[in-house]
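Engineer: no FASTA, just this:
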């Protein structure tokens, strides 16, 4: 389960300067503030201060906070759309890497949309809603999406304790039931699936032939809490988070926290 962290590190220009990309700096600063603090808690003055300009200069670019929120959402969607267009023309092995860079850069946009879409004007909600296609529904709480080489999308319906697969021609199927309330998934450098599981407090490797290998269950003699997000570095090392909410009702198996 992931929160909506700041979308990117926002550099603060020196006061009095006029960078050519000031509008983009404003959008990046607003994305960061809206994601971290929530739309209602951010004033236009906060955004202006983040980019070292006065409020009057900010209003030359945006009519108000609602207009600025629309720019943040629109920027994320536009960047993702451009990345998909580029990725379609690249080698298949590069598509996931290209999209991953964009998704990580705008990783708070989805949370921001879910949390703050009601703050947009009706016209902007309709415009952005039309740009997003719903491919499947009826799940409890989806997590851990990963695109596979066959064009399918694997994801966890985590509280529902199922792992599912969506394919553009085959629709949705169940891969594992129960799924040990798995969450984050990624592929290692050999094409094996790396999966974080809440119920078993483990990180496992699943090979294409279906065999499973447990990679991590303990740290310094203590059971892991509930591995959640995972990536594989270029050198093959596996890096994962280990929060505690997989030991809470609904999101895993209720039990005492092992690692404080």
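Structural biologist: Cool, got the structure. Owing to the predicted nature of the structure, the values given are computational and were not obtained by experimental measurement.

Engineer: now residue 76: how far from residue 142?
Structural biologist: 19 Å (Cβ to Cβ, to the nearest Å). Placement of C-beta: from N, CA and C, glycine included.

Engineer: For the stretch 51-200 of the chain, just list every one of the helices.
Structural biologist: 55-61, 65-88, 92-105, 109-116, 122-131 (DSSP state H, counting those that start in this stretch).

Engineer: still on that earlier bit, look at residue 76 and residue 142 and report which has more neighbours.
Structural biologist: Between residue 76 and residue 142, counting by other Cβ atoms under 10 Å, residue 76 is the more crowded of the two (24 against 15).

Engineer: close enough to count as contact, the more buried one and residue 109?
Structural biologist: Yes. Using Cβ atoms under 8 Å, residue 76 is in contact with residue 109, at 3.7 Å.

Engineer: Who are the contact partners of residue 57?
Structural biologist: Applying Cβ atoms under 8 Å, 6 or more residues apart in numbering, we find residue 57 in contact with residue 48.

Engineer: in the stretch 1-150 of the chain, what spans have low per-residue confidence?
Structural biologist: Scanning the stretch 1-150 of the chain with the threshold set as pLDDT under 70 gives 1-17, 83-108.

Engineer: go again using 50 as the cut-off
Structural biologist: Within the stretch 1-150 of the chain, the ranges that satisfy pLDDT under 50 run 1-9, 92.

Engineer: roughly how far out does stretch 41-50 sit from the chain middle?
Structural biologist: 24 Å (Cα atoms, centre = their mean, to the nearest Å).

Engineer: Burial check on residue 229, number of neighbours?
Structural biologist: Residues near residue 229, counting by other Cβ under 10 Å: 18.

Engineer: so who does the nearest residue to residue 59 once chain neighbours are set aside touch?
Structural biologist: The shortest distance from residue 59 to any non-neighbouring residue, by Cβ to Cβ, 6 or more residues apart in numbering, is to residue 44 (7.4 Å). Residues in contact with residue 44 (Cβ under 8 Å, 6+ apart) are 55, 58-59, 64-65, 68.

Engineer: Give me the phi and psi for residue 44.
Structural biologist: phi -60, psi -30 (degrees, to the nearest 10).
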